[in-house]
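1. next comes the sequence, and after it the predicted model I'd like to discuss.
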Amino acid sequence: MQNALVLILVLCALPSLVRGETEPGIPVTNPVVLAKCASCHAVDEHGNMQRLSFERATPEGWEEALKRMIRENLVTLTPPEARAILKYLSTKHGLAPQETAATEYYAERRIHDESGVANDTLLEACGKCHHIARVLSWRRSADDWRQFAAAHAEQYKFKPSEEAIALLAKTAPLHTPDWTAWSQRKPPADLTGRWVVTAHVLGRGLFYGEMEVRTGQGDGEYSTNVTLNSVATGSACARIGRGVLYAGHEWRGRSKGANTPGGTPDDLSNETREVMSVSPDGSQIEGRWFWGQYQEFGFDVKLQRASNGPTLLAIDRPALRAGSEANRIRLIGDGFPVSVKPADITVGPGVTVRRLVSSTAHEIVAEMDVAADAALGKRNVAVLSATLPGALAIYDRVDYVKVTPESAMAAFGDDSRPRGFQQFEAIGYQRGPDGKLHTADDLELGPVDADWSMEVFYEVDHSKSGLVGKVSATGFFTPAAESPNANYDVWVIATAKNESNKDGKPLVGKGYVVVTIPSYTFNGRKYVRELDRWVEDGQ
């Protein structure tokens with residue numbers, strides 16, 4: 001073992017071309033990176049820095065690498081140095097938008113089934129310990145993948161898979177046409193200005209509003225002011241924040257409510273982390289703002305630059321029943337003209353705008369009739385030139401209810417860790433054109449009113465339910481305050497209040513949640529904890 005460690009240290013001290021690198025690297029030019037990293041990562045005559053010139057990664061990947069250098073190699077960094085290194089590596093040694101698209105869920109901290117992300121070889125080699133998305137968020141030369149696997153195998157005592165190494169070199173190579181084109185692009189679009197926003201919060205429904213983006217203190221840094229309004233209740237939420245744009249398309253930031261949070265775990269004024277992707281043309285931004293012990297709470301957000309013309313952002317009813325009349329519906333947007341006529345609103349054949357109830361620059365209230373023989377399915381809704389694709393579903397009945405998320409995790413707390421919660425929603429579905437339930441063409445109809453309950457697996461007398469937790473009337477699951485030092489499998493059950501099956505019985509949906517003990521989180525030294533915040537949003 002000692003000889004192997006010596007060999008690794010010797011290899012790390014040699015220039016890249018001496019090590020046998022056959023691929024051209026990405027020269028390192030940043031003075032802070034050279035000053036802080038060159039003592040261990042040698043630089044060759046081409047400006048290539050050992051390991052770093054042959055790797056690319058997301059901001060999260062480089063953040064993890066920086067923390068590992070601090071924790072294991074005792075590298076010392078001031079906050080400005082940490083920010084400078086992360087910004088440089090995430091931008092000059094980052095990923096193109098096309099490369100991050102398949103793994104964005106990992107940075108956004110979403111629950112995601114990875115069975116289709118990679119084949120069995122990678123799932124076996126890497127998926128036992130890591131999210132596959134974390135692995136594929138790195139791009140390396142073939143030689144660097146081999147070095148990485150060898151060092152990993154030495155540290156964790158396993159035999160590296162040659163098949164997996166070859167597959168990683170092919171699947172996540174250092175050089176790709178996407179990165180070559182993206183790295184040679186013109187400077188990224190300036191994000192300052194006014195953006196219109198739509199957001200969805202599980203259990204709270206749709207929100208809409210605007211975000212004003214201003215230039216921040218450094219290059220690629222911004223400050224933000226956001227106002228969101230609930231479509232369901234009309235309540236407003238104001239937020240202020242800061243963010244950094246990495247690699248011309250990866251937004252990372254933090255924001256919080258302008259007012260003091262109400263103290264509840266799901267309060268929308270809580271501080272959030274922001275992970276968003278900017279479209280290549282700089283006209284749209286999409287992602288997630290999240291918080292919670294396990295990042296279980298969040299806004300799913302979409303932003304688009306405010307335009308001079310009308311923009312349709314949302315409608316308050318996602319579905320209308322065929323054969324119904326005088327359905328009152330709110331069309332929410334930006335820049336609607338002063339005078340709007342029923343003919344200016346189109347939903348497709350079989351749907352007639354009976355009359356307009358009211359109209360402002362941000363909201364149109366209309367009454368619509370749906371013919372009994374109107375074609376079922378998703379419809380585009382348009383107000384003059386503004387179109388919202390697939391915004392309204394025409395259906396004949398609700399065939400089943402699905403609880404979302406279908407599988408989730410919650411956690412008990414202890415003296416040092418708060419509990420992890422979970423919000424559920426009951427969503428109605430229509431069977432779709434094939435007439436079969438639970439197939440790909442089924443039509444999502446939006447939330448349905450439901451009564452909520454829970455069952456512990458294999459429980460016959462409900463004696464364990466009190467030990468596990470409770471689910472509220474709005475589908476919010478709260479674990480018990482005291483951890484019973486055990487894991488529980490639980491059904492969270494939604495029973496529709498107003499929708500029944502062909503036998504007249506209420507439709508029922510179930511969501512699966514594992515309620516587990518608090519997970520262990522390594523914090524390290526105090527300034528390593530602080531580095532988490534510094535490198536995530538550049539502050």
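-> In hand now; what should we look at?

2. pretty sure E63 is touching L86, no?
-> Yes. E63 lies in contact with L86 (C-beta atoms under 8 Å); the separation is 6.2 Å. For every residue, glycine as well, the C-beta is placed using N, CA and C.

3. who's more crowded, those two?
-> Between E63 and L86, counted using other C-beta atoms under 10 Å, L86 has the larger neighbour count: 24 against 21.

4. who's W195 bridged to?
-> W195 has these beta-bridge partners by DSSP bridges: M211, R305.

5. for G292, see how far away it is.
-> Using C-beta to C-beta, to the nearest Å, W195 is found at 25 Å from G292.

6. looking at these two, which has the bigger crowd around it?
-> Between W195 and G292, counting by other C-beta under 10 Å, W195 is the more crowded of the two (21 against 18).

7. give me every residue that touches that one.
-> Contact partners of W195, counting by C-beta atoms under 8 Å, 6 or more residues apart in numbering, are E210, M211, E212, V213, I285, L303, Q304, R305, A306.

8. residues touching the nearest residue to T215 once chain neighbours are set aside, list them.
-> Nearest non-adjacent residue to T215, counting by C-beta to C-beta, 6 or more residues apart in numbering: T192, 5.6 Å away. Going by C-beta under 8 Å, 6+ apart, T192 touches V213, R214, T215, Y222.

9. dump the residues you listed into TSV; add distance to S90, secondary structure and neighbour count as well.
-> TSV is the format used below for the contacts of T192 (distance: C-beta to C-beta, whole Å; DSSP: H, G, I helix; E, B strand; the rest coil; neighbours: other C-beta atoms under 10 Å):
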residue	distance to S90	secondary structure	neighbour count
V213	20	strand	21
R214	22	strand	12
T215	19	strand	13
Y222	16	strand	21
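
10. and for the closest residue to E21 other than its chain neighbours, the neighbour number?
-> Distance criterion C-beta to C-beta, 6+ apart; nearest residue to E21, sequence neighbours excluded, is D143 at 5.2 Å. For D143, the neighbour count with other C-beta under 10 Å is 17.

11. same question for the one 5 residues further on.
-> Other residues within reach of F148 by the criterion other C-beta under 10 Å amount to 18.

12. how about the contacts made by it?
-> R140.

13. mind checking pLDDT for it?
-> What the model reports as pLDDT for F148 is 92.

14. pretty sure it belongs to a helix, no?
-> Yes. F148 forms part of a helix when assessed by DSSP: H, G, I helix; E, B strand; the rest coil.

15. can you list contacts of the helix or strand in which A426 is found?
-> Element membership for A426, per DSSP states H and E: strand 425-430. Residues outside strand 425-430 that contact it (C-beta under 8 Å, 6+ apart): 202-203, 319, 376, 393, 395-404, 437, 442-450, 475, 494, 496, 499, 507, 509.

16. show me which residues of it are buried.
-> The neighbour-count check on strand 425-430 (16 or more other C-beta atoms under 10 Å) flags E425, A426, I427, G428, Y429, Q430 as buried.

17. again, but for stretch 141-157
-> Residues S141, A142, D143, D144, W145, R146, Q147, F148, A149, A150, A151 are the ones in stretch 141-157 that count as buried (16+ other C-beta under 10 Å).

18. neighbouring strands for the helix or strand where R379 lies, and are they parallel or not?
-> Using DSSP H and E, R379 falls within strand 377-383. Applying DSSP bridges, strand 377-383 is found paired with strand 345-346 (antiparallel), strand 386-395 (antiparallel).

19. quick one: the longest one to chain centroid distance?
-> This means strand 386-395. 24 Å (C-alpha atoms, centre = their mean, to the nearest Å).

20. what are the buried residues along that strand?
-> Within strand 386-395, the residues that count as buried by 16+ other C-beta under 10 Å are A386, L388, A391, L392, A393, I394, Y395.

21. I'd like to know which of the residues you listed is nearest to S39.
-> Minimum distance to S39 across the buried residues of strand 386-395 is 55.6 Å, recorded for L388 (C-beta to C-beta).

22. how about that closest one: what's its closest non-neighbour residue?
-> In this structure, L388 finds its nearest non-sequential neighbour in L312, 4.5 Å apart by C-beta to C-beta, 6+ apart.
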